[in-house]
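In: Can you look at this prediction? I've put the sequence above it.
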Amino acid sequence: MKRAPNGTKPKEGPFRIDIINIANYVSLSTTMESFEDCAARETREECGIEIDNIHFQHLSNLTKYAPKHYVHIAMVAKWKSGEVELLEPEKCESWAWYDLDNIPEPLFETCRVSLEIHRTQSAFSSPQ
């Protein structure tokens, strides 16, 4: 997924991070990592910021990209500290901050679903 051009740091206060685009794998085999710990670790490793107040947003069952099947566990968090950095340029072109009503297209389906869930405050979706 190509990420957008560099943006600016968000205003103080809570903001949404769609963790699925950051945290792809939970480490269960050696550490029994929680979803919250995974979100914090992957956010730190991939974009260099610390987050807190991490909690569940929703669960999504995505079959749009068959034969791949995504079970998307979305988490939300508040920015705690740090400046966004491009720490994995082989995976990500750049990071940017956008107004939730002005997100550039195209979006990976998990992103689109997460934005819709954020707007509707649902906890589960099963888009086709």
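Out: Perfect, thanks for sending it.
In: List the strands paired with the host helix or strand of Val71, with their directions.
Out: Assigned by DSSP states H and E, Val71 belongs to strand 70-81. In the sheet, strand 70-81 lines up against strand 50-62 (antiparallel) (DSSP bridges).
In: Report the buried residues of the partner strand.
Out: 51, 54, 57-58, 60, 62 (16 or more other CB atoms under 10 Å). Using the backbone N, CA and C atoms, a C-beta is placed for each residue, glycine as well.
In: how about those in JSON lines, adding pLDDT and distance to His72?
Out: Formatted as JSON lines, these follow (pLDDT from 0 to 100; distance: CB to CB, whole Å):
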{"residue": "Ile51", "pLDDT": "94", "distance to His72": "18"}
{"residue": "Ile54", "pLDDT": "94", "distance to His72": "16"}
{"residue": "Gln57", "pLDDT": "88", "distance to His72": "10"}
{"residue": "His58", "pLDDT": "87", "distance to His72": "8"}
{"residue": "Ser60", "pLDDT": "85", "distance to His72": "4"}
{"residue": "Leu62", "pLDDT": "86", "distance to His72": "6"}
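In: tell me which of these is nearest to Thr43?
Out: Ile51 (5.2 Å; CB to CB).
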